[in-house]
Each structure stands twice: as C-alpha cells, then as structure tokens.
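Colleague: structure for the following, please:
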Amino acid sequence: EALGTITFDSAATNPSTPVGAYEVSINCANSSDNIEVEVVPGIYTVEGGDLTVNYAKIGAGEMTDGQVTATYDGSAHGVKVNTSADAIVYYSAEKPLTDKNFGDGSTDPVTFTDADTHALYYYIVSENYKPVSGIFSVIINPAELTVKANDVQITYGDAVTNNGVTYEGFVGGDTAEKLDLNKDLTYTYTSQAGNAYGIGRGVGEYTITPGGLDTDNYLISYESGTLTVKQKALTEDMFTVDDEFTYDGSAKEAAVGIADSESGLLTNADFAVTYANNVNAGEAIVTITGKGNYKGTVVKNFTITPAEVTITVDDASSRYNEEINGLTYRITSGEIAESDLDRLAITPVTSVKKGHAVGTYEDAVSVTYNANSNYVIRVEKADHEVVPAELTVTVNPYTGTYDGKYHSAEVTAKTGKFFTFAEIYYSDSVSFDASYYLTVGSKEMPSFKDADTYQVFYYVVCNNYESVSGSVEVKINPAPLTVTVPSDEIT
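Modeller: Numbering: from 1, shown residues only. This is a model prediction of the structure:
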C-alpha cells in the first residue's frame, strides 16, 4: 500500500502486439524511503493465434469432414480453404506440406477432373497465427456410361460386320472420338445356343456383345444388339445343270450341282428341285427353289435332243402280178420307245405295184411314219425285185388208134385262171432251153398219122413269167385188121 498502485510497463499488453517475446516491468505509484524497490524485468510472450478456417467445395458433389465426393462430369472438383485472417494457403496434390516445404505448394486451389481418389494437401501460414495443415480426400467416382451395340443385318455367307455402338452417358463434352474409344471396341456374336457366328452359320438372330473399352472416368455397362443373318437370294451362277439328254420316252431329271463359288455354303438341304417339259425333245425346265439359308427361285434349262434312229428296210421280192406283202424293216441304230411305236405307225412301203414288169427296182422299198419331233429318223432304203410269175401249163397227151388221120397232143398255158398270150414252141426231135428254142422250135404243134409213139418237146415263154419246158406223148396204136380167108377156096 505504501508503494501505491503498481502498473505493468510493457507494449506487449496491446492486443495487436505481434507475436513475439517482450520485456515486462512495473511502475509504482508511490515511493517510500522505507522501501527500496528493485524491479526485475520479466518476459511477456505473445503466441500465435488460432486461425479460423472454413472450406468451400469446388464443383458439384458433397463435402463432409475431410472429404469431397463427386461424380465425374468433366469439370473441376476440389476444395478452397478460407480463413478469417490475412493468411496464405498453399495447396499440393503431390505431397504433404510442412513448415519446411510449404513453399513448394501452389497458392491457387488445386482441382481434379478425372475419376479417382485424390489427396489434396494444404498448409496455411499467417504472421501472427499458428500454421494450419491438413488433407482433404477428393473422391471423383466414374460416371455411368452405357455402350449399346447397334443392330446389324447381313446376308448368309457374308463375313460378320458391325454397325458400331451407341453411347449414353457422356458428360462434360466427352465423345467417343474425343476419348478415342472406338479403336478398342470388340464384338462377339453368338447364337442362343452359344455358338459363335462364322461364315456359313445358318440364318437367324445372333447376339452382338460389345466390349474391350477401358476408361477411368466412366463405369461402362454394355447392352447387346442383334445380328440378323438373312437368307441369301439364289442366282443362276450358283448352280450347274447337266445340259443334254437324248429322248427315250422317259422323264429326264438333270442333276443339279453346286458351283465352286458356293462351295462350303450352299448344300442340297438349301434348295428343292422340280422339273417341267422334261419328257419330249426340246428345252426342259428345272426350277430351283431356295429354302433354309437361301430364298428365291432360279429357272434353268437343259436340252433333250431327239433320238437318232436308223431304220433299215429289208430287200423285197414279189412275183409278177401278185399281191405284194411281207415287207419288213429293222431298227439298226438307236431305239424307239415302246410307247411311241403306235404313234409313229412305221409302215414299210414299196413304189412297185402289182403288174410292174419283172426286174430289180433300186431303193423302191422304204417306210412311212408319222412325223414326231422326238426322233430324227434316217431310212436306209432297199431294192424290190419282181420275179417271174409261174405259168400254169396243161398237157394233154394223145393216145389213139391209127385211123389214117393226123393227130397231136395239146399244150395250153395260163397265168392263174386266165389264158395268156404265151408262146409255145414245139419240136419232135430235140428238147429246148432258153438259149436256142427260137432256132429249133416251131409254134405249130406237130401232128402224126402213122401208128407209133411220139415224144413232142415244148417250151412255153411269156413276158414276166417263168419259162416252162417239158414233153408230151402222142401214141397212135395200130388199127386192128381182120383178114377172112374163105374155106371153099382151100384145096
């Protein structure tokens, strides 16, 4: 009390005194002779204050204690650190900041765009405040991206092809081209049974499954598309057809083959074959109708050529003035269908008529037949020989008794039942033949008077008839003579 009011003497007592150590002394209001005051100065330390820090998220998302959670959207995400004092905030995404290295940080807020879990380090310095350091987790989750295979149609036998994909979910201006995704796309094509599509797989629907993409900023889900394999249209060049047959009366079915160009694809199960106009000579039709992996109709032709037949007519012979029959022929090459024999009505004929003179008529015998486009007929004609007819010669020998008159035999000649103008030559001395009957014979029948037996040779000739020679007998027996001798004259 003697000293009065004691006061501190120090500038450090000012609230705005910067951080530091200050000497502190005292002042006494009163002095006293009885009291010797020795003031020993003290130290007054001003320590740094505690900064008030708050945080603001950068970009969309949610912020909780020490963490920002967002979904990738192509924009920046992070945290801005704010203080109430005139402080400097240093940021780093690479390493924690301390009082030794905070200067390596950036005074601009660090942000993140790509999906990942990012560490954001900060360090706050202020002259009269305690430094503040910390870490934020900036979690950017991948955005959802749907990749759907586009449907595609191909024709059976074609190599598989894709029609690309449709992307749904790009954000922040991203595109497949910008991210260069298409180069990594893969596709699988499978049937409902799980079989992979390949050239030659049957028509139907196959599932297109895209894949192969990898990007950090998107969580990719795939949706399948449909590969539709359509029937292939039949074309003429897919087939070979046996092109020529010979008519024989039966239906022809040309073998339909598969061209090399369709080998391994087109099978006999993929088409049906029907035939038309395939019996008679001409252009036959084969209709090929697709089924299974093929569709449509192809019409092709093949040729049925007429059968070549050679008819050889046999030589004919007939007697003069007789009915002509018995003409015959033979098939010497080729064949005629049995069903066509009546239709063709092949009939042998001759230009020689009854009454034609004896002789050989060349190529007189042929055949007639009804024209038929199924055959090419060649006829080998034959000769017709007319041979002499047979004369009917009647011989009546004479047998009688001498009567003093001349008597002769009788020779008559007929052609059939009619007399003819045959010439008869006679001789009572020599027989005849064709070489000299004219020189030794006489047309007058010899006659005889005296009793004897005579032989008369004859030779009958007539145009178109066979000559007839022979002999006939004339027999004149002696007449009986009775001699009567009177009895009275005998002595």
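
Colleague: ok, which stretches of the stretch 1-150 of the chain are strands?
Modeller: In the stretch 1-150 of the chain, the strands defined using DSSP state E, counting those that start in this stretch lie at 6-9, 20-28, 42-46, 53-58, 62-64, 67-71, 77-83, 88-92, 111-112, 116-126, 129-141, 143-149.

Colleague: export those strands to CSV and append columns for mean pLDDT and mean neighbour count.
Modeller: No exception for glycine: its C-beta is placed from N, CA and C like everyone else's. As requested, these are exported to CSV (pLDDT from 0 to 100; neighbours: other Cβ atoms under 10 Å):
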stretch, mean pLDDT, mean neighbour count
strand 6-9, 65, 12
strand 20-28, 75, 14
strand 42-46, 77, 13
strand 53-58, 93, 14
strand 62-64, 94, 11
strand 67-71, 96, 19
strand 77-83, 94, 20
strand 88-92, 96, 20
strand 111-112, 96, 20
strand 116-126, 96, 19
strand 129-141, 95, 18
strand 143-149, 97, 19
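
Colleague: which ones are touching the nearest residue to Gly74 once chain neighbours are set aside?
Modeller: Excluding its sequence neighbours, the residue lying closest to Gly74 (Cβ to Cβ, 6 or more residues apart in numbering) is Gly172, at 1.3 Å. By Cβ atoms under 8 Å, 6 or more residues apart in numbering, Gly172 lies in contact with Tyr72, Asp73, Gly74, Ser75.

Colleague: go again using 10 Å as the cut-off
Modeller: For Gly172, the contacting residues are Tyr72, Asp73, Gly74, Ser75, Thr113, Ala143, Lys178, Asn217, by Cβ atoms under 10 Å, 6 or more residues apart in numbering.

Colleague: among the residues you listed, which ones are buried?
Modeller: Among the contacts of Gly172, those scoring as buried are Tyr72, Asp73, Thr113, Ala143, Asn217 (criterion: 16 or more other Cβ atoms under 10 Å).

Colleague: in the stretch 301-450 of the chain, which spans are strands?
Modeller: Going by DSSP E, counting those that start in this stretch, the stretch 301-450 of the chain shows strands at 307-313, 316-319, 329-333, 347-350, 359-368, 375-380, 382-387, 392-396, 398-401, 410-415, 418-419, 423-427.

Colleague: wait, which of the strands of the stretch 1-150 of the chain is closest to Thr332?
Modeller: strand 143-149 (75.1 Å; Cβ to Cβ).

Colleague: other SSEs contacting the following helix or strand past the closest one?
Modeller: Once the chain leaves strand 143-149, the next helix or strand it forms, by DSSP states H and E, is strand 152-155. The contact analysis (3 or more Cβ pairs under 10 Å, 6 or more residues apart in numbering; DSSP states H and E) places strand 152-155 against strand 186-190, strand 204-211, strand 225-230, strand 232-233.

Colleague: ok, now with 6 Å
Modeller: strand 225-230 (3 or more Cβ pairs under 6 Å, 6 or more residues apart in numbering; DSSP states H and E).

Colleague: how about the strand it packs on: buried residues?
Modeller: Gly225, Leu227, Val229.

Colleague: residues contacting Tyr294?
Modeller: Going by Cβ atoms under 6 Å, 6 or more residues apart in numbering, Tyr294 touches Gln231, Lys232, Leu234, Asp270.

Colleague: what about it, distance to Glu236?
Modeller: 13 Å (Cβ to Cβ, to the nearest Å).

Colleague: same thing with Asn163?
Modeller: 31 Å.

Colleague: also Gly225?
Modeller: Separation of Gly225 from Glu236 (Cβ to Cβ): 35 Å.

Colleague: could you do Thr328 as well?
Modeller: In terms of Cβ to Cβ, Thr328 sits 50 Å off from Glu236.

Colleague: distance between stretch 196-208 and the chain's centre?
Modeller: Centre-to-centre, stretch 196-208 and its host chain are 19 Å apart (Cα atoms, centre = their mean, to the nearest Å).

Colleague: flag every buried residue along it.
Modeller: Tyr197, Arg201, Val203, Tyr206, Thr207, Ile208.

Colleague: tell me the one of these nearest Lys148?
Modeller: Ile208 (9.5 Å).

Colleague: run through the bridge partners of the closest one.
Modeller: Tyr189, Gly225 (DSSP bridges).

Colleague: cool, the one 10 residues further on as well?
Modeller: Beta-bridge pairing for Tyr218 (DSSP bridges): Ala143.

Colleague: right, and it touches Glu144 too?
Modeller: No: the pair Tyr218 / Glu144 is not scored as a contact, 7.2 Å apart, by Cβ atoms under 6 Å.

Colleague: for the residue nearest in space to the middle of the chain, give me phi and psi.
Modeller: By Cα atoms, centre = their mean, the chain has its centre lying nearest to Met238, at 4.0 Å. Main-chain torsions, Met238, degrees, to the nearest 10: phi -80, psi -10.

Colleague: likewise for the one 5 residues further on?
Modeller: As for Asp243, its main-chain torsions (degrees, to the nearest 10) stand at phi -100, psi 0.

Colleague: if we can go back for a sec, Asn163 and Glu236: which has the busier surroundings?
Modeller: Asn163 (15 against 11; other Cβ atoms under 10 Å).

Colleague: helix, strand, or coil at that one?
Modeller: coil (DSSP: H, G, I helix; E, B strand; the rest coil).

Colleague: in contact with it, which residues are there?
Modeller: Contacts of Asn163 by Cβ under 6 Å, 6+ apart are Asn150, Val152.

Colleague: same thing with His118?
Modeller: With Cβ under 6 Å, 6+ apart, His118 has these contacts: Phe112, Val138.

Colleague: and it, bridged to which residues?
Modeller: Here His118, judged by DSSP bridges, has bridge partners Val138.

Colleague: next one: the one 4 residues further on
Modeller: Tyr122 has the following beta-bridge partners by DSSP bridges: Tyr91, Gly134.

Colleague: hmm, it is touching Tyr91, no?
Modeller: Yes: judged on Cβ under 6 Å, Tyr122 makes contact with Tyr91 at a distance of 5.4 Å.

Colleague: list the buried residues in stretch 185-192.
Modeller: Result for stretch 185-192 [16+ other Cβ under 10 Å]: buried residues Leu185, Tyr187, Thr188, Tyr189, Ser191.

Colleague: export those residues to TSV and tack on distance to Ala254 and pLDDT?
Modeller: Shown next, in TSV, are the buried residues of stretch 185-192 (distance: Cβ to Cβ, whole Å; pLDDT from 0 to 100):
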residue	distance to Ala254	pLDDT
Leu185	50	94
Tyr187	44	95
Thr188	44	94
Tyr189	39	95
Ser191	36	90
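
Colleague: low-scoring stretches of this protein, by residue?
Modeller: Residues of the chain meeting the criterion pLDDT under 70: 1-4, 6-15, 29-30, 32, 85, 416-420, 489-491.
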